[in-house]
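Student: only geometry, no sequence info:
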């Protein structure tokens, strides 16, 4: 599952860039993701904090794919990201479809890949452990 580890590290790097935007360039974060609403600095910092946590989770998982609790928590974080993006786009209308594409695809691809790898006999170890 070396490819999954590499992908998770790539996703962590993308998230680290988002953390930078949230902390130091909130105006670019608003243009890129939250273009339909006024983004207050405290919201950008909250976004950066949440994204930092998920970045760390991706890194820890990339090096511990055999750990069922860590693996499951990471999958769940991507499911939460998809749910959050979906509600922001379709319920609250704070982000548009264009802004949904990149983070939605990243979270979706990763969640599906991790679900599929969970039962892969080559991977095997995480799904055989108890949560």
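Tutor: It's in. Predicted model, so just to flag it, every value in this text is computed and none were measured.
Student: what's the neighbour count on the residue lying closest to residue 12 once chain neighbours are set aside?
Tutor: Using C-beta to C-beta, 6 or more residues apart in numbering and skipping the chain neighbours, the partner closest in space to residue 12 is residue 58 (3.9 Å). From N, CA and C alone the C-beta is placed, and that goes for glycine too. By other C-beta atoms under 10 Å, 24 other residues sit near residue 58.
Student: does residue 93 sit in a helix, a strand or a coil?
Tutor: Classification of residue 93 using DSSP: H, G, I helix; E, B strand; the rest coil returns coil.
Student: surely residue 75 and residue 113 touch.
Tutor: No: with contacts defined as C-beta atoms under 8 Å, residue 75 does not count as touching residue 113, sitting 9.6 Å away.
Student: show residues contacting stretch 87-106.
Tutor: Residues external to stretch 87-106 that are found in contact with it (C-beta atoms under 8 Å, 6 or more residues apart in numbering): 11, 14, 32, 33, 34, 35, 36, 37, 81, 82, 85, 86.
Student: just the endpoints, please. Distance across that stretch?
Tutor: Stretch 87-106 stretches 17 Å from its first residue to its last (C-alpha to C-alpha, to the nearest Å).
Student: now that stretch: buried residues?
Tutor: 88, 89, 95, 99, 100, 103, 104, 106 (16 or more other C-beta atoms under 10 Å).
Student: below-threshold pLDDT in the protein: ranges please.
Tutor: 35-36, 121-131 (pLDDT under 70).
Student: can we see that at 90?
Tutor: 1, 26-44, 93-99, 118-131 (pLDDT under 90).
Student: show me where it has its helices.
Tutor: Assigned by DSSP state H, the chain shows helices spanning 2-24, 26-32, 41-62, 68-90, 97-118, 125-128.
Student: what angle separates the fifth one from helix 2-24?
Tutor: Which is helix 97-118. For helix 97-118 against helix 2-24, the angle by axes from the mean of the first three to the mean of the last three C-alpha atoms, to 10 degrees is 150 degrees.
Student: if I pick residue 15, what's in contact with it?
Tutor: 51, 52, 54, 55, 58.
Student: nearest residue to it other than its sequence neighbours?
Tutor: Closest to residue 15 by C-beta to C-beta, 6+ apart is residue 55, at 3.9 Å.
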